[in-house]
Structures are given as C-alpha cells and as structure tokens.
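S.K.: Need a 3D model of the following:
(one chain, ligands or ions: 2)
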Amino acid sequence: MLRTTAARAARAASRSAIARSIPAPRSPALPRLPRLTRSFSATPHHFASSSTEQQQGGPRLAGQGEKGLTVALGNGAETTFSYIWLRDHCREERSFHPQTKQRLVDTFKIPADYRPSAARTTNEGLYITWPETAFESSYESFFPWSFLAEHAYNPPLLRTKDLPSPLEQKVLWSKEIAKDVPTVTYEEVMESEKGVYEWLKQIDVYGFSFVSGIPGTPEATEALIRRIAFIRETHYGGFWDFTANLEHGDLAYSDVRLEGHTDTTYFTDPCGLQLFHLLSPDHTHSGGHNLLIDGFRAASILRTQHPSFYDLLSTLPIPSHASGSGSASLPSGVHMRPLRRFPVFNHDENGELVIVRWNGDDRGVVGGEAFEGKTMDEWYEALRTWEGILRSDEAQLWTKFEVGTAVIFDNLRVLHGRSSYTGTRRLCGAYVNGDDYRSRLRGLQKQFGEDPRRKALQELLKSRYGVSFVDKEKGGAWEDY
Ligand SMILES: C[N+](C)(C)CCCC[C@H](N)C(=O)O
Ligand SMILES: O=C(O)CCC(=O)C(=O)O
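M.R.: Ligands and ions are numbered 1, 2, ... in the order given. Down below sits the predicted model:
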C-alpha cells in the first residue's frame, strides 16, 4: 500500500520522536589529537583527519575523495566507502534502533553530496564526524575495522569462497546412516534450550532427526513441534491428525505408496520442516513404512555423473499444483499454484544448492514456451536419471514408524515417501516455516556461542587483515544484518 503524504509525515515525526526518545549519544569529546603526519592531497572537500596512537602498520585512513574515503587495513589492502554508504550504515543509536535493529536514519534524506567534517582512527576502528547541516546536527559514527573489512565493496575484501559454505556443514548420507540415525529424546528437547539446540543441529547437519520417548498423543507431539517455532498453517490445517479418509483431496490421505517427494512444491515458499508421529499401534495396520532420501546427496551424484541433466533440472521451470477437491471448511476447493514456476534444483546467489523441489504426483503439465528448443525426450531422460538415483537402494532410508518416535526433516533437502498400507493408520504432525526454523537455530548458535560463520569470519579477519570484532558496547550491534 503506497504511503500517503500524511502517513509519511507521521512516520517522519515518529522517527524523530523515537530518535528524541533515545538519549542523544554523547559523542566522546574529541581529544585534541596530533594531526596526522601524512598529508593528503589538498582538495576543496578536505576534512580534518587524525589518528590516536596506533600500532605501526595497523589499519588507517588512506585517503579522502569527493564522494568517499579510502581505508588501508592490516596487510595494506585498500578499499573505498562512499560517504552516503557510511552514513546509511551507521550503527549509532541515532541511526539504528538498538532494540529493533532497524534503520532509523532516512536514507533518502541524506544529502547526495554529504561528507564528513572530520575523521579519526584508533586501533579499533574509524570515527566519522558528520557536519552540522539542515539534515542533522553534527555527530560521530563509529565503524569497527572488522565491520568495514566484512562489508567492503570497492573492492570487496572478502569473497564467498573465503568462508565455509553452508553445504560444508552438512553430512550427506545414504541408507548406511541407518546404523546410527540422528536421534534426540523428547525429554531433552522439552526440558532445555540446549536440548532444542542439539535437535536443530542434527536437522541442520543431516536434514532429519528422530525424536524418541514421545507420549503417544497429538498433544505431546504438538508441544514438541512448538519447541522450534509456531506451526505453519496450510489448507490442510495447522497440526494434522489424519488417516486414509481423503478428508483432503490429496493422496497423503490415502493408503497408496508414495515415492520420494518434497511437499508443497505448489507453494511459492514450500514448507520448511515437516514432522510425522504415528499414533495408531502396529496391529491396526500393515505397511505404511517411512522413506527418507537425502536430496542434496542425490543432487550431487546427478551433478557429478550427468552435469547436463543437472543443469537442465536447475533451469527448466516445472509447473506444480494442488487441486484436490475442497473440504467442508473449503467448499470453493483448492487451486494452489506458486507465483512462478521453479526448477527441481534451486541455488542461492553463490550457486549453492539450497532447495530441492520434487514431487512427481503434484507436477502439472510440462510444455509451452518454457520447453521451446528443449527436447522433451532429453527432459524425460534427465528426470528418469534423477528418479533412478532417488529410487536406488543405497539412497533410500526406510524405517517403520513406531508410536513414541517421531521423524522430522528439512523438506527443502530431504525427500520423504511411504509404502502402501492396509488397515487403520493414524499419523499426526505439522509443518514449520523454513525461515522460522533457521532463525531459531541461528539464535541458539549465538546463545551457545557456536555461530560457525561468524567464528570463521572472525578468524579470517584477524589472520588476513589483523582486525577483530569490537565489543558491542563500544560500537553498537556489529552483526551481519
Ligand atoms: C498435510 N499432510 C502432510 C498430511 C499432507 C500433505 C499433502 C502432500 C502434498 N501432496 C504435497 O506434496 O505437498
Ligand atoms: O503417510 C505418510 O507416511 C506420509 C504422507 C506424505 O508423504 C505427505 O503427507 O506428504
């Protein structure tokens, strides 16, 4: 919804009210500092710059231009930041709300020709004094050298390949993992944050985890899921408790075999985690065993053995839908389609595989212009090869559901399926959004001081540029927002 002028004015007023409510930061009285012996090219926009006694060869201010300044870090690497970027990314309380971690400075009110009135450096970072202008009263921003090194862009001082990729943290598995399946107990998850952390670490590394010792009730199962985050509601409801009664127009509500698939490929944002817990005792049914397949491992096999097929399944958008009959609560029926079509393999901006979307049953009609110039036979050959890897004996982890033991898996990586069954089989469970799961895991990593990415970043900044993270109290929230 476009903001009206009044709303915008209200927002501006509320911002300045927020800013006023925050005690104006007492910019440290600038001690009279020795002028830098190094002289800079005298240009009309020259501003005073100085440095507190710093270790020889440490990071320093290396130059100032019309639109930006250049810093030199430990190993002499130089990089330039525009003044607008610096003002826009200030983390002082005037610019960045200390509790909400949201930007308070109105980026688009920063004058296009904004530049500092002074700058100084210390062993910890760069202090920029902004001038008294109509835009704002003069004040000082602080940027740790580590923050500048991490976010440098002209040129970048860090590259994606410098840090461990998320995929490196994962263990790709075959059916052999049956010898030692990742498992936690209900009790440890329910009784401590550490227990939840151990559980989510297993899901992060293996893409799935079993939970044993659960009371055989839907209530206990739901409480377990909610230790991660809230449940994702869909047209199947929130927490499901289902049998083969076709209460929803989907084969899951039947007793037929389901080959390995990921759920909700018809959602623009497929569900992240999925948990199943059997509630009906063994003697009420026969079959209905659970299948798990590591989609990332299967994809890596295809990529290695058939790169052209991997590329095809990484580019061709596949239609997906949920169109089963409606239910009593949804008489208009289900007509689910994603906003756009997605390929089987979806990658992040660094080319890392992050989402496998594959459901042969929910796949729509392929064809049309997306397939123009492609040979349909090649596409089916690629699919057949992919499905052949999924259905290979070594890829398939089959387990027999038991009351009291739930399985949870990352629906963006691990495919699941079911053998056909006879008799009465009652299953419960729910979805959790992938982003809520990853946020919960990130929070626990920080809480238990094990954020692998930041640890690797800290070591790299220290070894390559001789800079360290700065104690938050001194420089606001130096996180990777
Ligand atoms: C809600 N519950 C998990 C029981 C059924 C999900 C329906 C599965 C659907 N064919 C899909 O692949 O998304
Ligand atoms: O019934 C099962 O074991 C799983 C059903 C299924 O694959 C699904 O709900 O997506």
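
S.K.: who touches the residue of the stretch 251-400 of the chain found nearest ligand 2 in this structure?
M.R.: Per CB to the nearest ligand atom, Ala252 is where the stretch 251-400 of the chain lies closest to ligand 2, at 3.3 Å. No exception for glycine: its C-beta is placed from N, CA and C like everyone else's. By CB atoms under 8 Å, 6 or more residues apart in numbering, Ala252 lies in contact with Phe242, Leu258.

S.K.: Wait, a strand at it?
M.R.: No. Applying DSSP: H, G, I helix; E, B strand; the rest coil, one finds Ala252 to be helix, outside a strand.

S.K.: ok, now how distant is it from ligand 1?
M.R.: 4 Å (CB to the nearest ligand atom, to the nearest Å).

S.K.: Ok, Asn359 next?
M.R.: Applying CB to the nearest ligand atom to Asn359 and ligand 1 gives a distance of 5 Å.

S.K.: Assess the claim that that residue and Thr265 are in contact.
M.R.: Yes. With contact defined as CB atoms under 8 Å, Asn359 counts as touching Thr265 (4.6 Å).

S.K.: Looking at those two, which has the bigger crowd around it?
M.R.: Shown here are Asn359 and Thr265; by other CB atoms under 10 Å, Thr265 has more neighbours (28 against 21).

S.K.: ok, that one - contacts?
M.R.: Contacts of Thr265 by CB under 8 Å, 6+ apart are Ile318, Ser320, Pro338, Phe342, Arg357, Trp358, Asn359, Asp362, Arg363.

S.K.: Apart from its neighbours in sequence, what residue is nearest the fourth one?
M.R.: If the residues on either side of it in the chain are set aside, Phe342 comes closest to Arg357, at 5.3 Å by CB to CB, 6 or more residues apart in numbering.

S.K.: Quick one: residues contacting the one you found.
M.R.: Thr262, Thr265, Pro270, Ile318, Ser320, Phe342, Pro343, Val344, Asn346.

S.K.: rewinding a little: between Asn359 and Thr265, which contacts overlap?
M.R.: Ser320.

S.K.: circling back: which members of the contacts of Arg357 occur in strands, if any?
M.R.: Asn346 (DSSP state E).

S.K.: ok, the residue of the stretch 251-400 of the chain closest to ligand 2 to Gly324 distance?
M.R.: 10 Å (CB to CB, to the nearest Å).

S.K.: same deal with Gly63?
M.R.: The value you get for Gly63 to Gly324, if CB to CB is used, is 65 Å.

S.K.: So which of these two has more stuff around it?
M.R.: Gly324 (19 against 15).

S.K.: Any stretches of this protein with poor pLDDT?
M.R.: Judged by pLDDT under 70, the chain has its weakly predicted residues at 1-45, 52-56, 326-327, 471-481.

S.K.: In stretch 286-302, which residues are buried?
M.R.: Using 16 or more other CB atoms under 10 Å as the burial criterion, the residues of stretch 286-302 that qualify are 288, 290-302.

S.K.: before we move on, back to that, would you mind listing which of the contacts of Arg357 are buried?
M.R.: Thr262, Thr265, Pro270, Ile318, Ser320, Phe342, Pro343, Val344.

S.K.: shouldn't the third one be in contact with Asp410?
M.R.: To tie it back to what came earlier, the one meant is Pro270. No. Pro270 is beyond contact range of Asp410, at 10.7 Å (criterion: CB under 8 Å).
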